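1. My questions concern the predicted model and sequence given below.
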Amino acid sequence: MAIRAEHEIHTRRFSRNLGLGLVLVAFVGVVFALTVVKVQQLGAVQGFDHVLRPEMIQVESAK
């Protein structure tokens, strides 16, 4: 026969753990949302690798 008396410290610890878990989920959600918005606004961003790429050269239009 198992004894299942739950002490009040277990209840407090569970509520703290639940609160911390919700805060962490909210933080991950904010970081994910900011990442999605940044990618949508900037599109495919190329890194700076010290190499001249053809798409970086500005071509002057001939008149």
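-> Thanks, I have it.

2. what's the burial count for S61?
-> Number of residues near S61 (other CB atoms under 10 Å) recorded here: 4. All C-beta spots, glycine's among them, are computed from the backbone N, C-alpha and C.

3. show me the residues around it that make contact.
-> Residues near S61 by CB atoms under 8 Å, 6 or more residues apart in numbering: none.

4. Then L18?
-> Contacts for L18 (CB under 8 Å, 6+ apart) come out as none.

5. quick one: low-confidence ranges for the protein?
-> 1-3, 43-48, 62-63 (pLDDT under 70).

6. Repeat the analysis, applying 90 as the threshold.
-> Scanning the chain for pLDDT under 90 picks out 1-12, 35-63.

7. now the helices for it?
-> In the chain, the helices defined using DSSP state H lie at 8-42.

8. Any idea how many residues pack against P54?
-> Residues lying near P54 (other CB under 10 Å) number 6.
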